[in-house]
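*Asks:* got a structure for you, letters missing:
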């Protein structure tokens, strides 16, 4: 199959990238991160999560972030999805002005019980109510499936199990399904087999890849997914976001690294790589550390040498 000619990237750094930060990140910094990503050309930026501040204190300013984003200038035409776990979260997101939300399930029964304290079947019923309510409010819903290439509790996850959850989310009305390698254990051939199983139940154009880089396989898995026809990928500028199930390991694949790969393949993303790398360097500086993006670091070193 020919590679896609255009790819959509969903940058998840303001939510998935920052949610596990131990230090408090200023609301103004989060809003500025979203603004800079938009200026760099991102058209889909996951802004925040309407979850309990008891469990995810970093997202306690969700309403303030959404309010700040609504006032951004010069970055029109961007979607700002917000994660919601249930109807209460949806109601808070709608009150804050969200026009797109996301629900998150798992392909692993063990992970579902540990992460959201219910079975996969129970979680899907919960999400069905959220999707129905969101539709009534004319709000789009994106669906996430976690642990598609392995689970920290049960180990291997069968491709068919992933396909069943993805199909359930799609059938209930999620317009796009993001398949997440939560622990970053996947390899290219396993990624292909998983995508092929899911693609038997929903259109390829509705499938997104969300690969963590714990074992350094994320970019390779993205290339394998491109070969399958997938044209939507989640990533996080500067590789923000650790992997809580693999202590000390990196989490999200860096948006800069993904854009560099796609550019090398002649695939259009509409993203300014230099501006993106500068954004990654800026937010890393705000957090007091170096960027986790190899491409970002290389570009900055090259620019410094030229200067």
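*Replies:* All right, it came through fine. Being a predicted model, the structure only gives us computed values, none of them experimental.
*Asks:* make it CA atoms for all contacts and neighbour counts henceforth
*Replies:* Fine.
*Asks:* Next, count neighbours for residue 253.
*Replies:* Look at residue 253: counted by other C-alpha atoms under 10 Å, it has 30 neighbours.
*Asks:* Verify the stated contact: it with residue 209.
*Replies:* No. Residue 253 is not in contact with residue 209 according to C-alpha atoms under 8 Å; the separation is 10.9 Å.
*Asks:* Need the nearest residue in space to residue 129, chain neighbours excluded.
*Replies:* Using C-alpha to C-alpha, 6 or more residues apart in numbering and skipping residues adjacent in sequence, the residue nearest residue 129 is residue 87, 7.1 Å away.
*Asks:* State the distance from that neighbour to residue 252.
*Replies:* Distance of residue 87 to residue 252, given as C-alpha to C-alpha, to the nearest Å: 27 Å.
*Asks:* who has more neighbours, the two?
*Replies:* Looking at residue 87 and residue 252 with other C-alpha under 10 Å, you find the greater number of neighbours at residue 252, namely 30 against 18.
*Asks:* Let me see the backbone angles for the more buried one.
*Replies:* Taking degrees, to the nearest 10, you get phi -60, psi 150 for the backbone angles of residue 252.
*Asks:* tell me the contacts of it?
*Replies:* Applying C-alpha atoms under 8 Å, 6 or more residues apart in numbering, we find residue 252 in contact with 17, 211, 212, 213, 235, 236, 239, 240, 241, 242, 243.
*Asks:* Identify the bridge partners of it.
*Replies:* residue 212 (DSSP bridges).
*Asks:* Tell me how far it lies from residue 184.
*Replies:* Separation of residue 252 from residue 184 (C-alpha to C-alpha): 8 Å.
*Asks:* follow-up on the earlier one: any of the contacts of residue 252 buried? List them.
*Replies:* For the contacts of residue 252, a burial check counting by 16 or more other C-alpha atoms under 10 Å picks out 17, 211, 212, 213, 235, 236, 239, 240, 241, 242, 243.
*Asks:* Just those: which are in helices?
*Replies:* When DSSP state H is applied, the buried ones among the contacts of residue 252 are split such that none fall in helices.
*Asks:* need those residues in TSV with distance to residue 271, can you?
*Replies:* Listed next are the buried ones among the contacts of residue 252 as TSV, based on distance: C-alpha to C-alpha, whole Å:
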residue	distance to residue 271
17	19
211	19
212	21
213	21
235	13
236	14
239	16
240	18
241	21
242	24
243	26
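*Asks:* Tell me where the stretch 201-307 of the chain has helices.
*Replies:* 218-228, 255-264, 273-286, 294-306 (DSSP state H, counting those that start in this stretch).
*Asks:* So which of those helices is nearest residue 12?
*Replies:* Closest to residue 12 of these is helix 255-264 (C-alpha to C-alpha; 9.2 Å).
*Asks:* could you give the mean pLDDT of the closest one?
*Replies:* For helix 255-264, mean pLDDT rounds to 98.
*Asks:* One more: stretch 187-206?
*Replies:* Mean pLDDT, stretch 187-206: 98.
*Asks:* Return the set of buried residues in it.
*Replies:* Neighbour-count burial for stretch 187-206 flags 187-188, 190-199, 202, 204, 206 (criterion: 16+ other C-alpha under 10 Å).
*Asks:* From those, pick the one nearest residue 62.
*Replies:* Closest to residue 62, out of all of the buried residues of stretch 187-206 and judged by C-alpha to C-alpha, is residue 206, at 27.2 Å.
*Asks:* what's the distance between the closest residue in space to the closest one that isn't next to it in sequence and residue 140?
*Replies:* The shortest distance from residue 206 to any non-neighbouring residue, by C-alpha to C-alpha, 6+ apart, is to residue 176 (4.7 Å). Distance of residue 176 to residue 140, computed by C-alpha to C-alpha: 9 Å.
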